[in-house]
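Peer 1: attaching a predicted model along with its sequence, questions to come.
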Amino acid sequence: MADASVIVAQVIFGLIRGILLGCVFALIALGLNLVWGIAKVVNIAHGELVMLGAYGAYFLNLFLGFNPLLTAPIDAALGLAAGLGFYFAILHRELRGKEAITLQSEMVTLVATFGLSLAISNLANIAFTGNFVGIPFDAGSIEIGFLQIPLAGIYVAVLSVVIISLTHVLLNRTYLGNAIRAYSQDIPAAKLMGINPTAVAAIGTGLAFAVTMAGGAFLTTLFPTGINPYMGALYAPISYVIVVLGGPGRMWGSLVGGLTLGIVIDVGQIFLGVEIAYAVAFLLLIPVLLLRPEGILR
Amino acid sequence: MNFGRLLRSAPTLWGLAGFLVVLAVWGPWIPTFVLTLLINLLLFASLAYSMNFIAGLTGYVSFGHVVFMGTGAYAWGYVVGTFGWHPLAGIVAGAAVGLVLALGIGSVALRFRGVYFAIATLVTALAARNIILVIPALGDGQGIILNLGFEPLTWFYTIWVILGIQVGLTYWVTHGRIGYGLRAIKSDEDAAKALGVDAARLKLFVFAFSGLFAGAAGALNVWTLSGVFPEPAFDLLFSLQMLAMVIIGGMGTLLGPLLGAVAVYLPHNYFLTVAVGAEFIVIGILVTFFALVVPQGIVGALRRYVPTLRGIIE
Amino acid sequence: MTITIAAVEVHKRFGGVLALRDVSISVAEGQVVGLIGPNGSGKSTLLNVMAGVERPTAGRVVLDGKRVDGLPAHRIVERGVAKTHQIPRPFLGMTTEDNVTVAALYGSWKVRDAGAAREQARKVLNLIGLDGQADALAASLTVQTRKRLEFGRAIATGARILLLDEIFAGLSPDELREAIRLFTHVQEEIGFGALVVEHVMPAVLTISEHVVVIEEGRKIAAGTPSEVVRDPNVIEAYLGTEAARAAT
Ligand SMILES: Nc1ncnc2c1ncn2[C@@H]1O[C@H](COP(=O)(O)OP(=O)(O)OP(=O)(O)O)[C@@H](O)[C@H]1O
Ligand SMILES: [Mg+2]
């Protein structure tokens, strides 16, 4: 049995790492949450977007020597374009003219994005090869007592929280945000208020993709060799759990969900090992779904 | 009953039966190379019919079906490797484990609708793989290696029997009382309940079949590979391909899963020699296309646009 | 033996909204009871509670002397009570006849054979005058026909008590007369009991022997149709305080 103080130190370190990781998880999940909350679409290709964000950062660093933190805005711009394209290519034909999004539409977009996820990850596998790559990036670290905390992790965590806050402000304090919220609650009423539903849904999707790809760029600093065409298969389910934990459509919920998952994974692995820690994190979804009253559980 | 009328009453069923009989009779003379292709094709078809029971008949899209394959495979590996059971008995064990697991998972997950069910099944499959990885009796993540020899004809007839049962069962549950109940649930579950349909029981019933056959197919799959390893046994791509086959072929139809299996297996086999992984690009694009443009799948589209086929294929 | 369903001191809360406060009502087989009240007064909620679609927050639902609140909806159908939806919910991809066949197969008649159930379904369609549209896809039906299909499906479950949510809404005066005639005919034929929710007073008043009025989740009056229309509480709820004062 290890010394008690060693365990305490490990737990504290796991906790800090979990919080830093959780903030980035929250940002990634925020992207899923936005499309889910606004357009009622659960994007199964969400994980591939994270992957593309990470590769975006990787190639910008590799070829142009970008600092990975500075790749996030470029990734976000690409995400915005991708989101608008995605809306008009995939979602528009299913959502246009609908007064409310039915279960059937939900399933159609679910399956359509599932096909995309399969195609994109395997296309990436051919284009980028299946090797794990990463960005060499060391921003130094700070020492608090016996703890060494990498500064890069702190930067991306803080930036993630800033972006989540800005999204919150955008949604609650601006005309565009009001339009988006009106659309997400009641499409006919939004139309009566003079809101163009197509424009709002498209912009919302673009915003969601921008945030997700930026999150993908931030991840590269936390996992130095974690970039791979199939990495989406991990971040998509993590995002689903986070959004369900925090409640679809609730932006702060993503932060709470992200922190919960980050801590469960990073502290959990100290006692349970990596595999079981992730299994627990995934299975958190089930009791949450069971305990939710109306809406999810019927 | 006269034979002609019997044939006319269920042409698709008899067509499928004829196809299976031809395969069975031809069996011993099939060249080994073709036989191995056929075994894989029938295995895919069997997985498609398994998924069809739940996703096709009730509209509950499961992303985690590989969990039944994977546990079926491990059950097979365990009873054959540790207890020295005959591999065929191992298939039965795989089916039994698939059934029991489906009853367990289904009784919780089937309470969640739509995307929530899809997500719940997905995380369950991911968690199950992680848990299997650390169980010492199941090879501690290293897998179970068995050397049983190359028996293509036995594999062929085994998957043939499994598939035959599935086709018959699919016909049985889609016709008659259960079929009405399932179509009602798929269309509007609350409205179905308001007419007395015990939706929870009916869903669990077909989900149990779904798990049973996925378990059996998973067991047969690892028999042909002579060993069980966690990554391939729980490869999420199986779940996704099962779903792809049903979507492409036609959800809830009798012929659709077989057509879907052909549509998914062909690119598989073709790209195997050209560019590994490229088949999933094709399959993925097909899935997206079908979801948005032809949501009724091949069979549904044929019924819709070719009126003469309406009374023939289902 | 006739059966009776009763809601006893039922409360229902949705988050901050108290949709039902201490409401009691009962309907016996063979009896037609009207339930009226303004928009959002809790009529549909009361029906949902009685049909097992929602659980009451407090109070009970008693069917034939036994508590049934907490039982799932299909178990209540099994015991002879069926509800229609205010906004019709037909199985869109199925034909009118298949829609009704589902009810015949799974309702309290317990017809196990699909052929026999289709037979039953055709009889019901005849009775409600939908036989001409038996083979039409439900998706192609008009809203009014869908309402009639809701009614037909509820009958085909073999229900001895029907909970009918605004089946007469949206009809022109002529259509309304015709619909009431049909309802009365079918009710006499089968002898079911019915709790009929309506906005439109005239419809309820002509077919009901007893009327209950709720407002904001509270029962404000009950009695025969002629008693209820003279009740000052009802006049106030429907026409405002001024009219109530003028009437007394
Ligand atoms: N599922 C629900 N969740 C939250 N609030 C609900 C729900 N169902 C009903 N309500 C609320 O309960 C109250 C009563 O609604 P209900 O539909 O029972 O009224 P109603 O009398 O049937 O109205 P209408 O005449 O418009 O059909 C309303 O304030 C409504 O908003
Ligand atoms: Mg109502």
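Peer 2: Perfect, I can see it now. Numbers count the residues shown, from 1 in each chain, chains lettered A, B, ... in the order given. Ligands and ions are numbered 1, 2, ... in the order given.
Peer 1: now do the domain split for chain C, please.
Peer 2: C:1-71+C:165-248, C:81-159 (automatic domain parsing).
Peer 1: so for chain C, the centremost residue is which one?
Peer 2: residue C:164 (1.5 Å; CA atoms, centre = their mean).
Peer 1: which helix or strand contains it?
Peer 2: For residue C:164, the element it lies in under DSSP states H and E is strand C:161-165.
Peer 1: identify the bridge partners of the residue nearest to the centre of chain C.
Peer 2: In this entry, residue C:164 is beta-bridged to residue C:196, by DSSP bridges.
Peer 1: so who does the closest residue in space to residue B:148 that isn't next to it in sequence touch?
Peer 2: For residue B:148, ignoring the flanking residues on the chain, the nearest one in space by CB to CB, 6 or more residues apart in numbering or on different chains is residue B:226 at 5.5 Å. All C-beta spots, glycine's among them, are computed from the backbone N, C-alpha and C. Residue B:226 makes contact with B:145-149, according to CB atoms under 8 Å, 6 or more residues apart in numbering or on different chains.
Peer 1: ok so, going back, would CSV of the domains of chain C with mean pLDDT be doable?
Peer 2: Shown next, in CSV, are the domains of chain C (pLDDT from 0 to 100):
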stretch, mean pLDDT
domain C:1-71+C:165-248, 87
domain C:81-159, 91
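Peer 1: can you tell me which of those is packed in deepest?
Peer 2: Across the domains of chain C, the average number of neighbours (mean count of other CB atoms under 10 Å in any protein chain shown) peaks for domain C:81-159, which reaches a mean of 21.
Peer 1: which SS class is residue C:62?
Peer 2: Using DSSP: H, G, I helix; E, B strand; the rest coil, the structure places residue C:62 in strand.
Peer 1: relative to residue C:27, how far out is it?
Peer 2: 12 Å (CB to CB, to the nearest Å).
Peer 1: so what's in contact with the two at the same time?
Peer 2: By CB under 8 Å, 6+ apart, the residues touching both residue C:62 and residue C:27 are C:5-6.
Peer 1: which is the next helix or strand following the strand holding residue C:164?
Peer 2: Remark: after strand C:161-165, the chain's next helix or strand is helix C:173-190, criterion DSSP H and E.
Peer 1: how many degrees apart are that following helix and strand C:161-165 in direction?
Peer 2: 170 degrees (axes from the mean of the first three to the mean of the last three CA atoms, to 10 degrees).
Peer 1: closest to ligand 2 out of the domains of chain C?
Peer 2: Taking CB to the ion, domain C:1-71+C:165-248 is the member of these nearest to ligand 2, at 3.1 Å.
Peer 1: which residue ranges of the stretch 1-150 of chain A form strands?
Peer 2: In the stretch 1-150 of chain A, the strands defined using DSSP state E, counting those that start in this stretch lie at A:141-144, A:147-150.
Peer 1: turn those into JSON lines, including distance to ligand 2 and mean neighbour count.
Peer 2: Formatted as JSON lines, the strands of the stretch 1-150 of chain A follow (distance: least, CB to the ion, whole Å; neighbours: other CB atoms under 10 Å in any protein chain shown):
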{"stretch": "strand A:141-144", "distance to ligand 2": "61", "mean neighbour count": "10"}
{"stretch": "strand A:147-150", "distance to ligand 2": "58", "mean neighbour count": "14"}
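Peer 1: same list, those strands, but as CSV with mean pLDDT and distance to residue C:52 please.
Peer 2: Shown next, in CSV, are these (pLDDT from 0 to 100; distance: least, CB to CB, whole Å):
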stretch, mean pLDDT, distance to residue C:52
strand A:141-144, 82, 59
strand A:147-150, 82, 56
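Peer 1: which one of these lies nearest to residue A:38?
Peer 2: Closest of the strands of the stretch 1-150 of chain A to residue A:38 is strand A:147-150, at 34.5 Å (criterion: CB to CB).
Peer 1: partner strands of the closest one, with direction?
Peer 2: strand A:141-144 (antiparallel).
Peer 1: so how far is the strand it pairs with from its chain's centroid?
Peer 2: Mean C-alpha position of strand A:141-144 versus that of the full chain (CA atoms, centre = their mean, to the nearest Å) differs by 28 Å.
Peer 1: for residue C:129, find the nearest of the strands of the stretch 1-150 of chain A.
Peer 2: Once these are compared by CB to CB, strand A:147-150 is nearest, at 76.5 Å.
Peer 1: which SSE is immediately downstream of that closest one?
Peer 2: Following strand A:147-150 in sequence, per DSSP H and E, is helix A:151-173.
Peer 1: go through that next one and flag the buried ones.
Peer 2: The neighbour-count check on helix A:151-173 (16 or more other CB atoms under 10 Å in any protein chain shown) flags A:152-157, A:159-161, A:163-164, A:167, A:171 as buried.
Peer 1: elements contacting the lengthiest helix in chain A?
Peer 2: Scanning chain A for the longest helix, with DSSP state H as the assignment, gives helix A:4-39. Other elements packing on helix A:4-39 under the criterion 3 or more CB pairs under 8 Å, 6 or more residues apart in numbering or on different chains; DSSP states H and E are helix A:46-64, strand A:147-150, helix A:151-173, helix A:175-185, helix A:197-222, helix A:232-246, helix A:251-283.
Peer 1: so which of these comes closest to residue B:252?
Peer 2: It is, among the helices and strands packed on helix A:4-39 and with distance given as CB to CB, helix A:232-246, at 25.7 Å.
Peer 1: rewinding a little: list buried residues within the contacts of residue B:226.
Peer 2: residue B:146.
Peer 1: for residue C:221, which three-state class applies?
Peer 2: strand.
Peer 1: residue C:228 is in contact with that one, correct?
Peer 2: Yes. Here residue C:221 reaches residue C:228: they are 5.5 Å apart, a contact under CB atoms under 8 Å.
Peer 1: find the residues that touch each one of those two.
Peer 2: Here residue C:221 and residue C:228 have C:211, C:213, C:234 as joint contacts, going by CB under 8 Å, 6+ apart.
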